[in-house]
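S.K.: Return atomic coordinates for the entry below.
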Amino acid sequence: MAGSSLAMTYEDMEAELQRLSQLADDFESTTGSMTTSVTTLCDNWTSASTESYREDYLKLTTNFSHTLEIVRSLIQETHAYISDMQATDNAHSTNRVQ
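M.R.: The predicted structure is shown next:
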């Protein structure tokens with residue numbers, strides 16, 4: 001089992017998680033806009049390649065959703081890790097020998 005190392009404060013971790021959460025929201029918004037554009041193109045563009053274009057894009061949207069799912073899970077798990085570590089630190093921060 002590999003050891004662990006933490007080269008940032010919990011506050012820095014929280015700030016980075018907030019940034020990552022905003023990026024995930026931006027990604028979701030951007031991919032939603034992309035889907036609207038692709039749908040508009042495919043609905044108004046009749047050619048031999050239209051349906052394969054639509055099908056390929058729909059396959060990508062599954063990856064978009066999965067990416068967001070993983071990133072948001074990572075964010076939640078890291079928040080829980082920080083909370084657990086702070087609780088452990090606090091539990092061991094008092095003298096036990098009188």
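
S.K.: in this structure, what secondary structure element scores lowest on mean pLDDT?
M.R.: Ranked by mean pLDDT, DSSP states H and E, the helix or strand of the chain with the weakest confidence is helix 50-91, at a mean of 93.

S.K.: what residue lies at the spatial centre of the chain?
M.R.: residue 71 (2.1 Å; Cα atoms, centre = their mean).

S.K.: Apart from its neighbours in sequence, what residue is nearest that residue?
M.R.: In this structure, residue 71 finds its nearest non-sequential neighbour in residue 24, 4.9 Å apart by Cβ to Cβ, 6 or more residues apart in numbering. Placement of C-beta: from N, CA and C, glycine included.

S.K.: Check which helix or strand the one you found maps to.
M.R.: Residue 24 is part of helix 10-43, with elements assigned from DSSP states H and E.

S.K.: And stretch 47-67, what's buried?
M.R.: 54, 57, 64 (16 or more other Cβ atoms under 10 Å).

S.K.: does the last one really touch residue 30, like I thought?
M.R.: No - with contact defined as Cβ atoms under 8 Å, residue 64 and residue 30 do not form a contacting pair (9.3 Å).

S.K.: Many thanks, have a good one.
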